[in-house]
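Participant: sequence and predicted structure are below.
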Amino acid sequence: MKAPLISFLFFCLLFLLSYTSKAQETDSLAYYSSKINNPLQPNDLAKAYQFFTQLRIDNSEKKEHRTRLIYAIQNLARIQMQLGYNSESELLHLECIDLLTELENKTDWTKSCYTTSISELGIIYRERKDYSQSLALYDEALTTASLPVDIAILLNNKGYVYEFKNELETALSFYKAAYSKAIESANTVEIARTLNNLSFIQSQLHIPKAEKGLLEALDLRLKDKYPNGLISSYNRLTRFYKEANDSLNMKKYSDKFLEIARITKVPELLQSALRLKVESGESEYALAYIALNDSLNNLQEEQRNNFNYYVYQYDKKEKDFQDSQLDKERLLYLLLFIALASLSIYFILSYQHKKEKLQEVYNTETRISRTIHDEVANDVYHVMTQLQTGSNSSIELLDTLENIYKRTRDISKQNSAIDLNTPYTELLSDLFLSYQNEQITILTKGLQLMDWKNLKNIQKSGLYRVFQELLTNMRKHSEASFVFINFSSMGNSMTITYKDNGVGTTLVKGNGIHNIENRMHSIYGNITFESEIGHGFKSTIRI
């Protein structure tokens, strides 16, 4: 009972640890993302850069974590933009776009990321006053955008570029198109954004009902409680009433702008609110604006210094690490070279030894063949001759001696020297014919097409002996009436399949099979066997 309970508690603990780890990581992502949006301390951006750099490294090699890699790179680009390093931010966003384009399964999140990178790149080009590049980028993104909300964002961005260029009529046309797509998307954030921009341009062009549109956009944002949107509405309304010489409403919305900027505690927003107060003629805010402006300049300088110092330290650490890795690699290569040299020497000596052993076997087989033929067979034949001339010869004894002679002759033939000066195809054909009789038919396929020039003499001799072993075993044990041998080659390798229709056997690796396998291994080939009782015998040779 205790064991299942312990297992259950163990898995619960694993689940809890996994859940806690994921929750902590999610909290970290949110924490450092907020530091990018609102860096209050001089080292906030450096810390965020460190976190997202590590996140990028951790996920760079894992294809299944590609979205996490994209998220890390996009945040690194935002940091560079915050610091004013637009060129670096541009490169990171381009990398992000490449990764997003390579993704096979695109989701709403990845499409949103793509639109974000395109939008921020467009801002970079717009600030460089490279308007054509900015507009071209948005046009390219519009060719692939499918979600109405993404199309609305891109059209709105194009409108803002033309507003920036003071081409208000063109800006108006794009804001109208963006507003139409925002309505289609039913996304209140984009509806409010595009309506706010559209109405403001209408006011600049003195088109009626502009005020109504600005106030409708504000109402939407008040319902959504979206601070950034409220700030944009208050900014546009203040400027609208300033041009309308409505000082009461101008002060009302500039006050609201200042109030929400103070609530959000974003220094850049507070700076914009104070500047708008000064531009609206409320000079009492001038000193506060100047002080905040100086403070922000100092903060940005400190942020840059902290960031640059961190990057320097990180690069130095990376260089030291790479130098260390290089030393380790050099040592590894040296050890590998020594190991390979040792293995090479071993295999050369082993090959030389094996070659000598093969030659020795070859010589031994030749000597045994000569001895059996010259001594044993002749002696037996001599006894048989004497018995034939004797008066009391026994026919039964003669038959026995004749069988002994035949077996001895077979042994001699199996161990005799092979005349490798004869074409090898002809040698094999003669061998197969010698095992064929009235009861046994041997057929071959592909033998005449084989090119034996890549085989050494020792290999030819070994293969010849393997065929002898197979055919001898067939004639002695299999009771086969039909043998089929198929030859095929591919490149420098060849495959030979032997089949007979004999009684088959249960494969047990006795001396016969071991001898054949050892012979094949000695000539750098291999052989496999397949057989069952009643299903014949099959062997496959590869060399």
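Facilitator: Good, I have the coordinates.
Participant: use CA for all of it now, contacts and neighbours both
Facilitator: Fine.
Participant: and residue 149, what does it touch?
Facilitator: For residue 149, the contact set (CA atoms under 8 Å, 6 or more residues apart in numbering) comprises 181, 182, 185, 187, 190.
Participant: over to the last one. Which of the three states is it?
Facilitator: Read it as residue 190. Reduced to three states with DSSP: H, G, I helix; E, B strand; the rest coil, the structure at residue 190 is helix.
Participant: so for it, what's the pLDDT?
Facilitator: As predicted, residue 190 sits at a pLDDT of 93.
Participant: pretty sure it contacts residue 152?
Facilitator: Yes. Between residue 190 and residue 152 there is a contact at 7.2 Å, judged by CA atoms under 8 Å.
Participant: common neighbours of these two, please.
Facilitator: Counting by CA under 8 Å, 6+ apart, the residues touching both residue 190 and residue 152 are 179, 182.
Participant: residue 59 is in contact with residue 68, correct?
Facilitator: Yes. With contact defined as CA under 8 Å, residue 68 counts as touching residue 59 (6.7 Å).
Participant: sorry, back to before: tell me the buried residues within the contacts of residue 149.
Facilitator: 181, 182, 185, 190 (16 or more other CA atoms under 10 Å).
Participant: how about these in JSON lines, adding distance to residue 207 and secondary structure?
Facilitator: JSON lines is the format used below for those (distance: CA to CA, whole Å; DSSP: H, G, I helix; E, B strand; the rest coil):
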{"residue": "181", "distance to residue 207": "22", "secondary structure": "helix"}
{"residue": "182", "distance to residue 207": "21", "secondary structure": "helix"}
{"residue": "185", "distance to residue 207": "26", "secondary structure": "helix"}
{"residue": "190", "distance to residue 207": "22", "secondary structure": "helix"}
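Participant: reformat those into CSV and put distance to residue 519 next to each item.
Facilitator: Shown next, in CSV, are the buried ones among the contacts of residue 149 (distance: CA to CA, whole Å):
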residue, distance to residue 519
181, 80
182, 81
185, 78
190, 81
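Participant: name the helices or strands packed onto the helix or strand hosting residue 263?
Facilitator: Using DSSP states H and E, residue 263 maps to helix 247-264. In terms of contacts (3 or more CA pairs under 8 Å, 6 or more residues apart in numbering; DSSP states H and E), helix 247-264 is packed against helix 227-243, helix 267-279.
Participant: contacts for that helix, please.
Facilitator: Helix 247-264 has contacts (CA under 8 Å, 6+ apart) with 227, 230-231, 234-235, 237-242, 267, 269-270, 273-274, 276-277, 280.
Participant: still on that earlier bit, which member of the buried ones among the contacts of residue 149 is positioned nearest residue 427?
Facilitator: residue 185 (84.7 Å; CA to CA).
Participant: would you confirm that that closest one contacts residue 148?
Facilitator: Yes. The criterion here is CA under 8 Å, and residue 185 meets it with residue 148 at 5.2 Å.
Participant: the nearest residue to residue 448 once chain neighbours are set aside and residue 449, how far apart?
Facilitator: Distances taken as CA to CA, 6 or more residues apart in numbering put residue 425 closest to residue 448, at 6.6 Å, once the chain neighbours are dropped. With distances taken as CA to CA, to the nearest Å, residue 425 is found 9 Å from residue 449.
Participant: okay, the two: which has more neighbours?
Facilitator: The neighbour count for residue 425 versus residue 449, taken as other CA atoms under 10 Å, is higher for residue 425 (15 against 11).
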